[in-house]
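1. Provided below are the primary sequence and the corresponding predicted coordinates.
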Amino acid sequence: MVGKWGVVLVAAGRGTRMGTSESKQYLPLRGKPILVHTLEVFERMDEVGEIVVVAGSGEEERCRRLAEQYGLSKVKAVVAGGSERQHSVYNGVKALGGRTDWVMVHDAVRPFVTSSAVRACCAAAEKHGAAVLAVPVKDTIKQVDEAGMIASTPDRKSLWAIQTPQAFRRGLLTEAHERARAEGFVGTDDAMAVERLGARVAVAQGDYTNIKITTPDDLPYAEFLLAERTKRESGL
Ligand SMILES: Nc1ccn([C@@H]2O[C@H](COP(=O)(O)OP(=O)(O)OP(=O)(O)O)[C@@H](O)[C@H]2O)c(=O)n1
Ligand SMILES: C[C@](O)(CO)[C@H](O)COP(=O)(O)O
């Protein structure tokens, strides 16, 4: 259905691991802030009716100006985030419009998600109530103990690296976040809060290129991915 989905774009992190004075979501890629590249993916999708941007406290006006400057008309609200990603998501979900029943949460610093991967995630959520994008891990993963010794080697066949978007029926996501708050639980993604309710979360296979720009060595790769995307879109 056209405009059925709301997007909560979380952009309130400090980017400590990137180590720049400017928060990484505002760093330019080919002259445009990373979060604008990300917003444009969702702005172009007919399935998306509204976008709520969650900005760092004091950065709300800056995000409103960027939305205006880049013609991002689906950005309906900009709200302040919290100290942890989960708190930022909660603030964003509360700011969605009353008619939005389906919500995708996406990291502002994952600009290379494709609309087809987003659609695959939404379709899985519509079928199961909750879904995340993910890719099978390519490396062998070990659990390592505090002494730096291998404790165990989980079977790689069951290991997936989890990405965003993470898509949910709104009522389920709200209940999950409210329960987590009440019980003092803080997780690193939204699915964790939903899993704690005992609800099942589906996994939709995404792309390895949907990276989360996190550390300085991600930037040259991000420039390369953007150049490839630009070439593809211009048919070169
Ligand atoms: N309190 C927070 C923390 C993170 N995020 C957002 O969640 C996404 C994923 O977080 P991550 O990449 O870990 O970002 P930072 O917290 O900014 O990075 P770091 O952990 O290196 O400080 C980012 O878009 C970030 O802006 C947020 O909205 N609110
Ligand atoms: C939600 C997420 O992007 C899935 O990989 C990730 O968990 C965010 O975690 P971070 O520790 O804030 O980078």
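-> Good, I have the coordinates. Ligands and ions are numbered 1, 2, ... in the order given.

2. these two touch, right, residue 10 and residue 87?
-> No. Residue 10 is beyond contact range of residue 87, at 9.9 Å (criterion: Cβ atoms under 8 Å). Bear in mind the C-beta positions are built from the backbone N, C-alpha and C, glycine included.

3. For the nearest residue to residue 58 once chain neighbours are set aside, give me its contacts.
-> Among residues not flanking residue 58 along the chain, residue 80 sits closest, at 7.9 Å (Cβ to Cβ, 6 or more residues apart in numbering). For residue 80, the contact set (Cβ atoms under 8 Å, 6 or more residues apart in numbering) comprises 12, 54, 55, 56, 57, 58, 60, 91.

4. Of the residues you listed, just say which sits nearest to ligand 2.
-> residue 12 (10.8 Å; Cβ to the nearest ligand atom).

5. Quick one: residues contacting the closest residue to the closest one other than its chain neighbours.
-> The shortest distance from residue 12 to any non-neighbouring residue, by Cβ to Cβ, 6+ apart, is to residue 81 (2.4 Å). Neighbour list for residue 81: 10, 11, 12, 13, 54, 55, 56, 57, 87, 88, 91, 92 [criterion: Cβ under 8 Å, 6+ apart].

6. now the helices for the chain?
-> Taking DSSP state H as the criterion, the chain carries its helices at 34-43, 60-69, 85-94, 115-128, 170-183, 190-196, 218-233.

7. Mean pLDDT lowest where, among those helices?
-> The minimum mean pLDDT among those belongs to helix 218-233 (a mean of 94).

8. Now do that one: which elements does it pack against?
-> strand 28-29 (3 or more Cβ pairs under 8 Å, 6 or more residues apart in numbering; DSSP states H and E).

9. if you average pLDDT over the strand it packs on, what comes out?
-> 97.

10. now the helices of the chain as CSV including distance to residue 149 and mean neighbour count?
-> Converted to CSV, the helices of the chain look like this (distance: least, Cβ to Cβ, whole Å; neighbours: other Cβ atoms under 10 Å):
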stretch, distance to residue 149, mean neighbour count
helix 34-43, 38, 22
helix 60-69, 46, 16
helix 85-94, 31, 22
helix 115-128, 38, 18
helix 170-183, 33, 16
helix 190-196, 27, 22
helix 218-233, 30, 13
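
11. residues from the protein in reach of ligand 1?
-> 10-17, 25, 54, 81-85, 88, 107-109, 212, 214 (Cβ under 6 Å from any ligand atom).

12. Can you turn the buried part of the residues you listed into a ChimeraX selection?
-> To isolate the buried members of these in ChimeraX, using 16 or more other Cβ atoms under 10 Å:
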select :10,11,12,13,15,25,54,81,82,85,88,107,108,109,212
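
13. So which of the residues of the chain next to ligand 1 belong to strands?
-> Mapping the residues of the chain next to ligand 1 onto strands (DSSP state E) picks out 10, 11, 54, 107.

14. Of those residues, which are in range of ligand 2?
-> Among these, ligand 2 is touched by residue 107 when using Cβ under 6 Å from any ligand atom.

15. between the ones in strands among the residues of the chain next to ligand 1, which is nearest residue 41?
-> Within those, proximity to residue 41 (Cβ to Cβ) peaks at residue 107, which comes in at 11.9 Å.

16. which residue lies farthest from the center of this structure?
-> residue 147 (33.8 Å; Cα atoms, centre = their mean).

17. Report the beta-bridge partner residues of the residue lying closest to residue 57 once chain neighbours are set aside.
-> Excluding the flanking residues, the one nearest residue 57 by Cβ to Cβ, 6+ apart is residue 80, at 4.5 Å. Legend: beta-bridge partners of residue 80 under DSSP bridges are residue 55.

18. Contact partners for the residue most central in space within the chain?
-> Closest to where the C-alpha atoms of the chain average out (Cα atoms, centre = their mean) is residue 106, at 2.1 Å. Residues counted as contacts of residue 106 (Cβ under 8 Å, 6+ apart) are 7, 8, 9, 10, 38, 42, 113, 164, 165, 166.
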